[in-house]
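**Q** generate a structure from the sequence data that follows.
(3 chains)
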Amino acid sequence: MNLIVMPVVIYLGASFLVPLLFRRDGEKACLAACLFTILGLAVSVLLAVRVFPGGRLITYAGGWENPMGIALMADGLSVLFLLVTNLVSLLVLLFSATYMKRYTGTVNFYVLVLLMLAGMNGVLVSMDIWNIFVFFEIASLASFVLVAFGLGAEEMEASLRYTVMGFLSSVFILFAMAMIYGLTGTLNIPDFAREVSCLPQSHLWFIVSLFIAGFGLKMALVPFHSWLPDAHSTAPAPVSALLSGIFVKVIGFYCVMRISLNVFGHVAQVKTVLLLLGSLSMVVGGVMAYGQKNIKRMFAYSTISQLGYCAIGIGIGGYLGCLGALMHFIGHAFSKSLLFLSAGAVEYMEGTSESEDLRGINDRMPFTTLVSNLGMFGIAGVPPLGNFWSKLIIILAAVGAGYTGIALLCILVAVLTLSYFLRLLRTAYYSRTEGKKEKREVPVSMLAPMFALGAVVLLTGLLLLPPVRSIILDGAVRVMKDFSYRDLSVSVIAE
Amino acid sequence: MIIYLLVVLIFFIGLYGIVAKKNIIKIIVGINIVGYAINLLFIVLGYKWEGMAPVLTREVEVSEFYRRAVDPLPQALVLTSIVIDLAFLAFLSALAIRLYEKYATFDMDKIRRLRG
Amino acid sequence: MEKGMSEIVKGVSKMVFPFIMLFGTSLVLYGHLSPGGGFSGGVVLAGGFVLLLLAFGKEHVFDIFPRRVAEALDSLGAAGFLAIAVLGFAGGHFFYNFLDKGRLFHLWSAGTMVFCNIMIGIKIGSALFLAISMLSMSRLVHTKDGVEYRQSGEDE
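**A** The predicted structure follows:
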């Protein structure tokens, strides 16, 4: 059996079988979705066992080799992303078992989530740019529908804006692909990575800027960010958690990383652009988040700000920069999905997410407040947690590479992040309330996934311990730092 | 060369529709025009004057085949891209209908409850 | 009240419908030999049903092609396509063409391709028909006070 295609096969099969078998039964659909996600997680663990010691797995669909066949590849970086994606989505699906009961047509919700997961897993294992595009579109279309899932006026408005922006991003990528195909005659990434260095500079820059515009739109780097706060703050909480926690990273961050580091090599101009856009989105996202009244909207702006750190990390490059970006991605994926889930829990019990209407959540929902604290401190980077170390590493890398200004900005935004989260905690969670204090905690079925995510957030700091790091992170960092597709020889077939 | 200019022209007409128009239906039309501009670009890339279908039979010589056969890959790619455009079109029109239900207008400026 | 369009339209649609189905089926079946294939054939098949929908109204079409069946076929086509791909593991590779290739330029000449095309045809035909009929579910009704939005066909 061929392991690399299995993540895609499992999720696609699940998204077709679930509506066939359980057309009206939301609970069974949820159970099936969770089981399939566990299967996907198991497959990614198996892949990790084979890939983390070093090396990569490559396979060709249909047994057709390089010029004809569609290549699929799994290396340290993509398997790390697979692990994070499947773990987060499993916990989010467990959470939505109870949360989604308020909505009608929940079978469709699980089908769409499974389709989105199929798209994301497909992006992670593809080595053919067209294949990446198709999976990217599957995931994106599912996410557009998921944002509008509640059919409220705001949700559909956000979805409309998001869809138009998403279409623009796919058009940019398609344009870049047409250019690549016209100039090199191939869409296989190793092949065109080899050809690309022979192209005239002007063509190269045109292609690179189209790619950065396209994937940057999905990553919500600042000039292209306007859709993210609307979409992520109005969607149902599990959808926001999936979108903010993993979707923007897999579809945006991972693709930007692959294109800028592994396809075009570490080119100085691309790095400058990433540094510029990264610092811009870090600052703008942070400042905008500070002014938000709505909890979910604040979290959405904070996502933009934190993705800026990731962009800066890959912009600096080198061992430290790549390690920082990767660790920041892991820490942020878990903490941000935890935060959105906890915001969903608050909304579930209180009926609103406007921080002005929320007073003293701690008195009524102590456990939810506890996990919210954990998520906020996880993102703000309070010392033992993962994002503290990742921010420290990125700052050190920036100083080491001579970007002192950017290092200062990173520190300032980290302080800003902590300050807006502390202000939110003070006004909404720990403020005093008059009257009686009745406990109105969410059900255990919603608390348990949040606590599991919280436990993972607590553990992210341990990733930096040398034995763990050398197993999990170093392979991926090596891929980011040294690997280039053009070194991949034409006739590599593993398995 | 002139045909590439045509592609660029169509692309920018569609982009104008997306960016400048306020009516959702016109934006959807603009989206489709942009999509077809890119599809046309792909087709033009694979086209050959006086080309033939890329099927190698016994009657066709190999050198003739190399010279005249059109590239089939862009056409397959365009088919995929058309399917994706179709999905976008279906979803956006459903969304437009539902939005009309809520806001009683197709004007993007009036559909403006979210801010910040 | 008489549903749908005029008698002429209905009669012509009724006459043309079998030929559209035939054309769609042939496009699907001969997709590996001539222009056409699962997608184009599926669109033609869906077009036939959309013609009926326009001429006779929703109720009539949903009588001969119920929504539940369309939804089931939609999932079934996609699942079947995936199943063919996974069966390729019998030959060692994902999407491996494990069947006998037959004689060139005959219907049986491409192994699994025919089945892939059939599955895509089923999927696209039912999905497109569903999408268009869902879009036609809602309509604007002009009343004295202005335009009102109404959802028709509450069969769910």
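
**Q** quick one: the strands in chain A?
**A** Assigned strands in chain A, in chain order: A:57-60, A:71-74 (criterion: DSSP state E).

**Q** compile the ones you listed into a markdown table and extend it with columns for mean pLDDT.
**A** Shown next, in a markdown table, are these (pLDDT from 0 to 100):
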| stretch | mean pLDDT |
| --- | --- |
| strand A:57-60 | 85 |
| strand A:71-74 | 88 |
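
**Q** number of nearby residues for the closest residue to residue A:273 other than its chain neighbours?
**A** Excluding the flanking residues, the one nearest residue A:273 by C-beta to C-beta, 6 or more residues apart in numbering or on different chains is residue A:212, at 6.3 Å. The way it works is simple: take the backbone N, C-alpha and C, and place the C-beta from them, glycine included. Residue A:212 has 22 neighbours, counted by other C-beta atoms under 10 Å in any protein chain shown.

**Q** could you measure from residue A:212 over to chain B?
**A** 18 Å (C-beta to the nearest C-beta, to the nearest Å).

**Q** any regions of chain C where pLDDT drops low?
**A** C:1-2, C:138-156 (pLDDT under 70).

**Q** so which bits of it are right by chain A?
**A** C:68, C:71-72, C:74-76, C:78-79, C:82, C:85-86, C:88-89, C:91-97 (C-beta under 8 Å from any C-beta of the partner chain).

**Q** 7 Å - rerun?
**A** Proximity of chain C to chain A (C-beta under 7 Å from any C-beta of the partner chain) is limited to residues C:71-72, C:75-76, C:78-79, C:82, C:86, C:88-89, C:92-97.

**Q** now the two most distant members of those residues.
**A** Within the residues of chain C next to chain A, C:71 and C:92 form the most distant pair, 34.8 Å apart (C-beta to C-beta).

**Q** these two - which one has more neighbours?
**A** Remark: of residue C:71 and residue C:92, residue C:71 carries more neighbours, 16 against 12, as counted by other C-beta under 10 Å.

**Q** got a pLDDT number for the spatially closest residue to residue A:120 that is not a sequence neighbour?
**A** Closest residue to residue A:120 apart from its sequence neighbours, by C-beta to C-beta, 6+ apart: residue A:250 at 4.5 Å. Among the per-residue scores, residue A:250 shows a pLDDT of 91.

**Q** and for residue A:250, the neighbour number?
**A** Neighbours around residue A:250, by other C-beta under 10 Å: 28.

**Q** and the one 4 residues further on, by the same measure?
**A** As a burial measure, the neighbour count of residue A:254 was computed by other C-beta under 10 Å and equals 24.

**Q** residues in contact with it?
**A** A:81, A:123, A:124 (C-beta atoms under 7 Å, 6 or more residues apart in numbering or on different chains).

**Q** from those residues, which is closest to chain B?
**A** residue A:123 (14.6 Å; C-beta to the nearest C-beta).

**Q** in contact with the closest one, which residues?
**A** Here residue A:123 is in contact with A:132, A:135, A:136, A:139, A:250, A:251, A:254, A:255 (criterion: C-beta under 7 Å, 6+ apart).

**Q** now, of those, which are buried?
**A** A:132, A:135, A:136, A:139, A:250, A:251, A:254, A:255 (16 or more other C-beta atoms under 10 Å in any protein chain shown).

**Q** list the contacts of the last one.
**A** For residue A:255, the contacting residues are A:123, A:132, A:215, taking C-beta under 7 Å, 6+ apart as the criterion.

**Q** quick one: the residue nearest to residue A:273 from chain C, how far?
**A** With C-beta to the nearest C-beta as the criterion, residue A:212 and chain C are 32 Å apart.

**Q** right, and that residue touches residue A:272 too?
**A** No. Contact between residue A:212 and residue A:272 fails when scored by C-beta atoms under 7 Å: they sit 11.4 Å apart.

**Q** which residues touch the spatially most central residue of chain C?
**A** With distances taken as C-alpha atoms, centre = their mean, residue C:125 lies nearest the centre of chain C, 1.5 Å away. Neighbouring residues of residue C:125 by C-beta under 7 Å, 6+ apart: C:42, C:45, C:46.

**Q** go again with 10 Å.
**A** Listed by C-beta atoms under 10 Å, 6 or more residues apart in numbering or on different chains, the contact set of residue C:125 reads C:21, C:24-25, C:28, C:38-39, C:41-49, C:65, C:70, C:73-74, C:77.

**Q** can you pull the contacts of residue A:362?
**A** A:368-370, A:372-373, A:425, A:428-433, A:437.

**Q** for those, which one is nearest residue A:32?
**A** residue A:368 (28.0 Å).

**Q** okay, now residue A:199: neighbour count?
**A** 17.

**Q** leaving aside the residues next to it on the chain, what's closest to it?
**A** Residue A:199 sits nearest to residue A:183 (C-beta to C-beta, 6+ apart), 5.9 Å away.

**Q** I'd say the one you found and residue A:202 touch.
**A** No. Using C-beta atoms under 10 Å, residue A:183 makes no contact with residue A:202, being 11.4 Å away.
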